[in-house]
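Asks: Fold the following, please.
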Amino acid sequence: MDDLKALSTFARVVELGSFRRAAVELGVAPQATSKLVAALESRLGVRLLHRTTRQLQLTEEGARLLAQVTPALSVIRSAMEGTRSARGEVGGTLRVTAPRSVGQHLVLPLIAPFMEQHPALRVDLELEDRHTDITAAQIDVGFRMGAGVERNVVVRRLMDIQHWICAAPAYVERHGRPRTWEDLARHRCTGFRYVSTGKRAPWEYQEAGGTVHTELPAQFETNDVDAEVAAVLAGIGIGQLPSYLAAPLVTQGRLVRLLARHTTERFGLYVYYAQRAHLPPRARLFIDFVAERLQAAASSR
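Replies: The predicted model follows:
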């Protein structure tokens with residue numbers, strides 16, 4: 001048995017909390033990782049992991065072994081990454097998290113060209129609208145849309161995101177165009193409900209005194225941004241939609257932008273990652289790649 005391979009597999013299984021996820025990263029079958037760890041336990045004569053259907057838990061002997069081998073494995077991994085970087089190669093698994101809509105429309109289209117530049121790279125993209133603790137989840141790079149990101153992470157604002165008030169041309173033809181913010185109360189509107197809290201997001205608009213938040217009745221409500229866009233396109237009502245989705249539809253004539261003078265400027269798309277001294281080259285290169293592409297696209301509009 002290859003001791004280094006077995007120890008590295010054991011450490012990866014613990015780090016990722018799953019034989020399956022470790023197998024995906026290592027490019028082998030889940031049964032292979034399980035057998036390798038079992039063989040290591042047999043060789044050492046101790047149980048390293050308690051296995052249940054829901055989780056893995058280190059035994060006392062497993063925790064002691066992991067603490068002893070982790071520094072050495074980290075040095076080996078860093079040396080290999082450094083050698084690849086010196087040759088212009090980036091390998092390993094890049095783990096990324098993003099909200100579903102942001103991931104599908106802004107992040108995913110950039111992953112293919114990035115992987116073309118780095119063919120040895122594997123990518124694990126997790127689309128999740130709930131908050132993700134990237135340190136606990138072993139995520140390299142996270143994306144979030146909003147007015148800010150939680151503390152204890154390094155944050156970089158990639159692009160501005162406005163919220164546009166839009167309606168389908170057919171809706172405007174049937175119900176007319178609101179001329180003032182107050183007119184919206186007499187129209188059919190859509191609403192977005194936060195996944196994390198279940199509460200409906202307030203509408204916001206810009207006045208001379210600053211940003212104002214207000215509640216509007218929603219004839220249609222959803223916790224999915226793309227579903228709200230689809231509802232507005234179908235003529236169900238007027239919606240306040242993120243500009244990265246609304247702008248191309250307005251350009252195509254599929255949506256009409258309303259009350260543009262009230263658009264707020266608070267929101268943005270952020271990339272964030274854990275505060276650690278040695279960010280993996282794959283993560284650093286991906287962050288720079290995404291920032292360059294998104295900022296170039298935003299400046300060309």
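
Asks: which residues are in contact with stretch 125-140?
Replies: If you take CB atoms under 8 Å, 6 or more residues apart in numbering as the criterion, stretch 125-140 is touched by 15-16, 94-100, 103-104, 107-108, 111, 142, 150, 153, 195-196, 223-224, 272-274, 280, 282-283, 286. Quick note: C-beta positions are derived from backbone N, CA and C, even for glycine.

Asks: mind checking pLDDT for residue 183?
Replies: Looking at residue 183, its pLDDT is 92.

Asks: pretty sure it is in a helix, no?
Replies: Yes: the assignment for residue 183 (DSSP: H, G, I helix; E, B strand; the rest coil) places it in a helix.

Asks: Tell me the spacing between it and residue 164.
Replies: 16 Å (CB to CB, to the nearest Å).

Asks: Mind checking which of those two has more residues around it?
Replies: With neighbours defined as other CB atoms under 10 Å, residue 183 and residue 164 compare such that residue 164 has more, 22 against 14.

Asks: can you give me phi and psi for the more buried one?
Replies: The phi/psi pair for residue 164 (degrees, to the nearest 10) reads phi -100, psi 140.

Asks: Is it bridged to anything, and to what?
Replies: residue 241 (DSSP bridges).

Asks: I'd like to know how far it sits from residue 143.
Replies: Distance, residue 164 to residue 143, using CB to CB: 20 Å.

Asks: quick one, phi psi at residue 42?
Replies: For residue 42, the backbone dihedrals (degrees, to the nearest 10) come out as phi -60, psi -40.

Asks: Beyond the strand or helix carrying residue 38, next helix or strand please.
Replies: For residue 38, the host element (DSSP states H and E) is helix 30-44. Downstream of helix 30-44, the first helix or strand assigned by DSSP H and E is strand 49-51.

Asks: And that following strand, what does it pack against?
Replies: strand 56-58 (3 or more CB pairs under 8 Å, 6 or more residues apart in numbering; DSSP states H and E).

Asks: Now find how far off-centre the strand it packs on is within its chain.
Replies: Centroid displacement of strand 56-58 relative to its chain, using CA atoms, centre = their mean, to the nearest Å, is 27 Å.

Asks: Check stretch 221-237 too.
Replies: In terms of CA atoms, centre = their mean, the centre of stretch 221-237 is found 21 Å from the chain centre.

Asks: Export it to PDB, keeping only CA atoms.
Replies: Taking Å, rounded to 0.1, in the frame of the first residue of the first chain, the C-alpha atoms of stretch 221-237 are listed here in PDB:
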ATOM      1  CA  GLU A 221     -44.300  36.100  -4.900                       C
ATOM      2  CA  THR A 222     -41.300  33.800  -5.200                       C
ATOM      3  CA  ASN A 223     -38.000  33.000  -3.500                       C
ATOM      4  CA  ASP A 224     -36.300  32.500  -6.900                       C
ATOM      5  CA  VAL A 225     -34.900  35.500  -8.900                       C
ATOM      6  CA  ASP A 226     -35.200  33.800 -12.200                       C
ATOM      7  CA  ALA A 227     -38.800  32.800 -11.500                       C
ATOM      8  CA  GLU A 228     -39.700  36.400 -10.700                       C
ATOM      9  CA  VAL A 229     -38.100  37.500 -14.000                       C
ATOM     10  CA  ALA A 230     -40.200  34.800 -15.800                       C
ATOM     11  CA  ALA A 231     -43.400  36.100 -14.100                       C
ATOM     12  CA  VAL A 232     -42.700  39.700 -15.200                       C
ATOM     13  CA  LEU A 233     -42.000  38.500 -18.700                       C
ATOM     14  CA  ALA A 234     -45.300  36.700 -18.700                       C
ATOM     15  CA  GLY A 235     -47.100  39.900 -17.900                       C
ATOM     16  CA  ILE A 236     -48.200  39.000 -14.400                       C
ATOM     17  CA  GLY A 237     -47.000  42.300 -13.000                       C
END
